[in-house]
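> Here you go, sequence then predicted model.
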Amino acid sequence: MKSVVIDKRRDKVNDECGVFGFYNNDDLDIVSITHDALFGLQHRGQESAGITIIQDGEPYTVKDLGIVSTVFDEKNLSKLPRGKMSVAHVRYTSHEYLDRAATQPLVMRYIEGSLALANNGAITNFAEIRSELEKGGAIFQSNSHAEVIGYMISTHRIDSESIEDAVLQTMDDLKGSYSLVISSPSKLIGLRDPHGFKPLCLGKLKNSYIISSESCVVESLGGEFIRDVAPGEMIVIDDEGFHSYFCKNKKQTSLCLFEYIYVARPDSVIDGVYVNLARRKAGEILFRENPVEADIVCGVPDSGLDAAQGYAAESGIKYATAFIKNKYIGRTPDGVGNDKKQRLLKTRLNVIKNIVDGKRIVIIDDSIIHGNTSAHIVKVLKDAGAKEVHVRISSPEFVHSCYFGMDLPKSEDLISNRYSEEELRKLIGADSLKFLSIDGLHEIAEGCNIGLCDGCFSGVYHADKPKIIFEDKFANKIKKF
Ligand code: SF4
């Protein structure tokens, strides 16, 4: 078998962000609620975290690079007032573009006061819009798409009747993906792009309102899920309740299917589909499409676990826990040697030897990007005495990149474009290797009430790709941390 260099960080798909907003009608402890909510969204981004509280129209912000537990402490949280609204954010970004100035919520001053913005997504005409604004004299602090969106809203506000009109006009100008929470001095606004690439939902806690990337947060706060924000919809919350508006820009809807496979938390429901059930169904279909004789079925934590249970139920093969995940280890830092990376990977995911020794194992994982993690998993299972290791992947092969906010490598760097399935099987050292079909992928989201995106698997995108990648130029100008 060829040797592989372990780089766990780049061997998983990374989502860009999680967003949250709260409109406080009950004099609740808004700081504590918002802080708790960010813990519930931490899986969507671990590079930075931030909370803005709006009290009497004025924003107060705590944000920094790091995960929620390191960014916030009693001291900085106690400085935030118990205001009327909050906007909060967790962010993932590739290290190349890590830019402290882009940490969100982004607070900007405009004609009526302050806007706070928290965004999840990638604007595909970002370079064109920004360049036009710069030609008009605009100066930007960061490489953030949210900053450009804020600038557009403030510009449109000059000629429009209300903040609602200004945001709707901005939505008509934007292309690509965005799920945003914005506060004006007196209103909380949630909007989702016309394709609906990223999830966004509305909930209620007593008489107060929640906007969140995922429904699991609404429930964990003790609130009640109202509904998803529809593609192209803007929800505006004020003292009268919530109001719905739609932008003119109608598009084919296209929710990211990878939300169901990997990104979202299993206890969320997105556009009518329970994430845990979708994952379980992926395992059931995977067995029907790719059966194999084995003694036990195991999942790679966390997103492989539901799919493994589905595979076990459909096949009648016993389900077992083969790996224990250490959740307290952060990402592998840049620059550490391969030995250290191997050790960290092993510590992060440790095999239970007595479960796998002498067994024929089906191991279910969510995806293969470079193959490093799969090779590592097969190796540790075999080192622990597994007789056979059959790898089943609960998504199709990644053969195209993503332009809509998921940090996938360029097509040419995806391992499925460099090796056939059989070559890849040999490379990772498995006894067999099979992927979910694209038809199977759509079947897992049966009942989803909007259209679906499978672009990175099929090459068919329902939105235009960006014509210019602005960051390629910009990345040369910013310093790495
Ligand atoms: S291209 Fe893939 S990762 Fe990107 S939005 Fe579509 S399904 Fe999701």
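Okay, I see it.

> The ligand contacts on this protein?
Neighbours of the ligand within the chain, by CB under 6 Å from any ligand atom: 197, 256-258, 402, 404, 406, 453-456. To be clear about C-beta, it is placed using only N, CA and C from the backbone, and glycine gets the same treatment.

> The residue of the stretch 151-300 of the chain at minimum distance from the ligand bridge partners, please.
Residue nearest to the ligand within the stretch 151-300 of the chain: Cys256 (3.2 Å; CB to the nearest ligand atom). On the basis of DSSP bridges, Cys256 is bridged to Cys453.

> Also Phe323?
Going by DSSP bridges, Phe323 is paired in beta bridges with Val351.

> So it is in contact with Ile352, correct?
Yes. Look at Phe323 against Ile352 with CB atoms under 8 Å: they come within range, at 7.2 Å.

> the more surrounded of the two?
The neighbour count for Phe323 versus Ile352, taken as other CB atoms under 10 Å, is higher for Phe323 (21 against 14).

> re earlier: run through the residues that contact the residue of the stretch 151-300 of the chain closest to the ligand.
Cys256 makes contact with 177, 197-198, 263, 404-406, 453 under the criterion CB atoms under 8 Å, 6 or more residues apart in numbering.

> Columns neighbour count and distance to Thr373 on top of those, output as JSON lines?
As requested, the contacts of Cys256 are arranged in JSON lines below (neighbours: other CB atoms under 10 Å; distance: CB to CB, whole Å):
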{"residue": "Ser177", "neighbour count": "29", "distance to Thr373": "26"}
{"residue": "Phe197", "neighbour count": "29", "distance to Thr373": "26"}
{"residue": "Lys198", "neighbour count": "30", "distance to Thr373": "25"}
{"residue": "Val263", "neighbour count": "26", "distance to Thr373": "17"}
{"residue": "Phe404", "neighbour count": "26", "distance to Thr373": "24"}
{"residue": "Gly405", "neighbour count": "24", "distance to Thr373": "22"}
{"residue": "Met406", "neighbour count": "25", "distance to Thr373": "17"}
{"residue": "Cys453", "neighbour count": "26", "distance to Thr373": "24"}
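
> Now those in CSV, please, with extra columns for secondary structure and pLDDT.
Formatted as CSV, these follow (DSSP: H, G, I helix; E, B strand; the rest coil; pLDDT from 0 to 100):
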residue, secondary structure, pLDDT
Ser177, strand, 96
Phe197, coil, 98
Lys198, coil, 97
Val263, helix, 94
Phe404, coil, 94
Gly405, coil, 90
Met406, coil, 90
Cys453, strand, 98
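
> Low-confidence ranges, the stretch 301-450 of the chain, go.
In the predicted model, the stretch 301-450 of the chain carries pLDDT under 70 at residues 328-338, 340-342, 344.

> how about the helices in it?
Listed in chain order, the helices of the stretch 301-450 of the chain (DSSP state H, counting those that start in this stretch) span residues 303-315, 338-348, 353-356, 372-383, 421-428, 438-444.

> For the first one, buried residues please.
When you say that, I think you mean helix 303-315. Across helix 303-315, burial judged by 16 or more other CB atoms under 10 Å covers 303-312, 314-315.

> again, but for the last one
The neighbour-count check on helix 438-444 (16+ other CB under 10 Å) flags 438, 440-441, 443-444 as buried.

> before we move on, what about the third one?
When burial is assessed from 16+ other CB under 10 Å, helix 353-356 yields the following buried residues: 355-356.

> That helix packs against which elements?
Applying 3 or more CB pairs under 8 Å, 6 or more residues apart in numbering; DSSP states H and E, one finds that helix 353-356 contacts strand 296-299.

> Report all helices and strands that the strand it packs on contacts.
helix 303-315, strand 318-319, helix 353-356, strand 360-365.

> pull the CA atoms of that strand into PDB?
Listed next in PDB are the C-alpha coordinates belonging to strand 296-299 (Å, rounded to 0.1, in the frame of the first residue of the first chain):
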ATOM      1  CA  ILE A 296     -20.400  -6.500  12.900                       C
ATOM      2  CA  VAL A 297     -21.300  -3.100  11.500                       C
ATOM      3  CA  CYS A 298     -19.600   0.000  13.100                       C
ATOM      4  CA  GLY A 299     -19.700   3.700  12.400                       C
END
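
> Go ahead and measure how far that strand is from the middle of the chain.
26 Å (CA atoms, centre = their mean, to the nearest Å).

> what do you get for stretch 53-62?
Stretch 53-62 sits 26 Å away from the centroid of its parent chain (CA atoms, centre = their mean).

> Check stretch 265-278 too.
Distance, centroid of stretch 265-278 to centroid of chain: 14 Å (CA atoms, centre = their mean).

> now do stretch 367-377
Distance, stretch centre to chain centre, for stretch 367-377: 20 Å (CA atoms, centre = their mean).

> now do the same end-to-end measure for that stretch.
With CA to CA, to the nearest Å applied, stretch 367-377 spans 13 Å between its terminal residues.

> right, and Asp99 touches Phe140 too?
No. Contact criterion CB under 8 Å: Asp99 and Phe140 do not qualify, at 10.9 Å.

> mind giving me the domain ranges of this protein?
What automatic domain parsing lists as the domains of the chain is 11-254, 275-448.

> before we move on, back to that, mind putting the residues of the chain next to the ligand in a markdown table, distance to Ala146 included?
Compiled in a markdown table, the residues of the chain next to the ligand are given as follows (distance: CB to CB, whole Å):
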| residue | distance to Ala146 |
| --- | --- |
| Phe197 | 16 |
| Cys256 | 19 |
| Leu257 | 25 |
| Phe258 | 22 |
| Cys402 | 19 |
| Phe404 | 16 |
| Met406 | 17 |
| Cys453 | 22 |
| Asp454 | 27 |
| Gly455 | 23 |
| Cys456 | 24 |
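
> wait, which of those is closest to Pro466?
Phe404 (9.6 Å; CB to CB).

> How about the contacts made by the closest one?
Taking CB under 8 Å, 6+ apart as the test, what Phe404 contacts is 121-122, 124, 176-177, 195, 197, 256, 453, 455, 461, 463.

> in the sheet, who's paired with the closest residue to it other than its chain neighbours?
Residue nearest to Phe404 in three dimensions, not counting chain neighbours: Ser177, with 4.1 Å by CB to CB, 6 or more residues apart in numbering. Beta-bridge partners recorded for Ser177 (DSSP bridges): Ala122.

> correct me, but Ser177 touches Gly405?
Yes. Ser177 is within contact range of Gly405, at 4.7 Å (criterion: CB under 8 Å).

> coming back round to it: closest one to Ser69 out of the buried residues of helix 303-315, please.
Ranked by distance to Ser69 (CB to CB), those are led by Ser303 at 21.9 Å.
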